[in-house]
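In: I would like the atomic coordinates for the input below:
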Amino acid sequence: MDRKQGKPFNRLFFKVYLNYALVLALFAILVGLIFMNLYENATMESYRDKMLKQAGVISKRLSRAITNNEADGYLDYLAIIQELDYDESDIWTISNPNAKSPMDKQFENVNLEDVKLPQDCVTVIEKAFEGKLLNKSGYYEEFGGTSAIQGYPVTVNGEVVGVVLLRTEIKKQEEIVSSSMYLIYFSVGIALFISFIIAIVFAKGITKPIISMRAAALLLADGQYESKLFLNRRDEIGDLATTIDILADRLKESEVERQSREQMRTDFFANVSHELRTPITVVRAYTEMLVDGIVTEEDKVNQYYAKILAECKGMERLVGDLLLLSKMQNPDFEVEKEPVNVVQIFEDLLRSFHPLCQDKEIQMVFTKEYPVYIMMGDYDRLKQMFLIILDNAVKFSKENSSIYINLTKTDKLLISVRDEGIGISKEELPYIFDKFYRSKLKQNEQGSGLGLAIARQIALKHDGDIVVKSEEGKWTEFLFSFQSLENFVEELDIS
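Out: Residues are numbered from 1 along each chain as shown. So this is what the prediction gives:
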């Protein structure tokens, strides 16, 4: 790990936490500011509505008093209201000089000419003279503080004869708002604290599985393919963890396959060395005896030459089989295919095996439903494949026994070669197609162990399949399946 990655502020946890915490903090602050503004506006609006309602009640009471000429009763009412007013409000009644019948001076408790009012008060009064409602608030030096002003017209017989003016200090409302703001600030602080805790949990929830994935990846890089995450999450991180587990399984499978191939390669070279060492040793021994003149008799000399030739032919056959098997196992190698009559292949092989079968009194029984079975393939390769199978069948068959060859067709071309020989044990059955695998039977002491491996590769190159069934001491059957041509020739009338 480099030094830059080791710094805390370069860690993914810190980045996720910081970004998430900043978002939560900004959101909390923004909500707090909005809520504080709304609360302040709502509080002041509620107080304005209260002033408006109070001014309206006083205006109606004054209108009745003017109509009934009850000045003393109104002034007593006004005094009582002011005594009960806990907000320390000023209630002024002002006559409208522009009215046809202005309010009597006895109902007026303030003369505009005698007092100096702020411009906002003048504006509110003028609007009330016009029959309009207006509220103003602010800091006024004339009142020595922050005040709210509400005007309400006094109407008699449809005419605005005066105005009720309420002036109230809003210091208490500001104190209420301030105390409420403290609660809001405290709530925002608690929300931020909780948000930071949530941010830590959220960041850990993201970074912890990533750290586990990094550790698992390092273990995989070290070849410890059994390491798994088993992370049960139904999100993208869970999908990534599952993918890493799948990768671990694939790497493990690849490693097992690689080791298997390496072992096969080692075994291959060992087997080749073993197979070539014996004939080379024999050839060298015979040659040294001839060169040193140890053997001089003509019959023995000719016998040694014959053995040398036989060993050379055996090595030549072994090398040829190795080259053929190597070619067949090459993925890029493709056989040249053309329509081939499988019946013709077996008829040629039956003629070739006739002398060998006579020596052991073996009968080959060839059965088929049609005289012609067509498939796409290489005639020589297919003949070599069936030659290997029939050669083994004859080699391991008992005397006075039979070999059954059967051709059938369903959706595929099916070929069966069954003998009545010594069979194959269950232990050996899984390995008979392996390179250089040879049974320890006397009949197989001259074999190279490559025949069945070559036969299987030829079948695979023809997009076919080959399986073997056997019962030890009784029989062995090789089963082939190939794709046949759709328009295969049915039974011909040869009569």
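In: residue boundaries of the helices in the stretch 51-200 of the chain?
Out: Ranges of helices in the stretch 51-200 of the chain, per DSSP state H, counting those that start in this stretch, are 71-84, 119-129, 171-221.
In: dihedrals phi and psi, the closest residue to residue 142 other than its chain neighbours?
Out: Ranked by C-beta to C-beta, 6 or more residues apart in numbering and with sequence neighbours excluded, the top spatial neighbour of residue 142 is residue 118, at 5.2 Å. (Each C-beta comes from the backbone N, C-alpha and C, glycine too.) Backbone torsions of residue 118, given as degrees, to the nearest 10, read phi -60, psi 160.
In: contacts only, for residue 118.
Out: Neighbour list for residue 118: 140-143 [criterion: C-beta atoms under 8 Å, 6 or more residues apart in numbering].
In: which of those count as buried?
Out: Buried by 16 or more other C-beta atoms under 10 Å: 140, 143, out of these.
In: show me the contacts of residue 118 that map onto strands.
Out: When DSSP state E is applied, those are split such that residue 140 fall in strands.
In: state the pair within the contacts of residue 118 that is farthest apart.
Out: 141 and 143 (7.6 Å; C-beta to C-beta).
In: all strands for the stretch 251-400 of the chain, in order.
Out: Per DSSP state E, counting those that start in this stretch, the stretch 251-400 of the chain carries strands over the ranges 338-341, 363-368, 374-377.
In: tell me which of these lies nearest to residue 418.
Out: Of the strands of the stretch 251-400 of the chain, nearest to residue 418 by C-beta to C-beta is strand 363-368, at 9.4 Å.
In: distance between the closest one and the chain's centre?
Out: Counting by C-alpha atoms, centre = their mean, to the nearest Å, strand 363-368 is centred 58 Å from the centre of its parent chain.
In: what packs against that strand?
Out: Helices and strands touching strand 363-368, by 3 or more C-beta pairs under 8 Å, 6 or more residues apart in numbering; DSSP states H and E, are helix 342-360, strand 402-409.
In: export that strand to PDB, keeping only CA atoms.
Out: As requested, the backbone C-alpha atoms of strand 363-368 are provided in PDB (Å, rounded to 0.1, in the frame of the first residue of the first chain):
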ATOM      1  CA  GLN A 363     -17.200 -65.200 -35.600                       C
ATOM      2  CA  MET A 364     -18.000 -61.600 -36.500                       C
ATOM      3  CA  VAL A 365     -21.800 -61.000 -36.700                       C
ATOM      4  CA  PHE A 366     -22.600 -57.800 -38.600                       C
ATOM      5  CA  THR A 367     -26.300 -56.700 -38.500                       C
ATOM      6  CA  LYS A 368     -27.900 -53.700 -40.000                       C
END
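In: that one pairs with which strands, and in what direction?
Out: Sheet pairing of strand 363-368 (DSSP bridges) gives strand 402-409 (parallel).
In: what sits against residue 247?
Out: Going by C-beta under 8 Å, 6+ apart, the list of residues near residue 247 reads residue 220.
In: follow-up on the earlier one: may I see the helices of the stretch 51-200 of the chain arranged in a markdown table, with mean pLDDT and distance to residue 148 as well?
Out: Listed next are the helices of the stretch 51-200 of the chain as a markdown table, based on pLDDT from 0 to 100; distance: least, C-beta to C-beta, whole Å:
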| stretch | mean pLDDT | distance to residue 148 |
| --- | --- | --- |
| helix 71-84 | 74 | 16 |
| helix 119-129 | 85 | 10 |
| helix 171-221 | 76 | 8 |
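In: okay, these in CSV with distance to residue 320 and mean neighbour count next?
Out: Listed next are the helices of the stretch 51-200 of the chain as CSV, based on distance: least, C-beta to C-beta, whole Å; neighbours: other C-beta atoms under 10 Å:
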stretch, distance to residue 320, mean neighbour count
helix 71-84, 125, 13
helix 119-129, 117, 18
helix 171-221, 44, 14
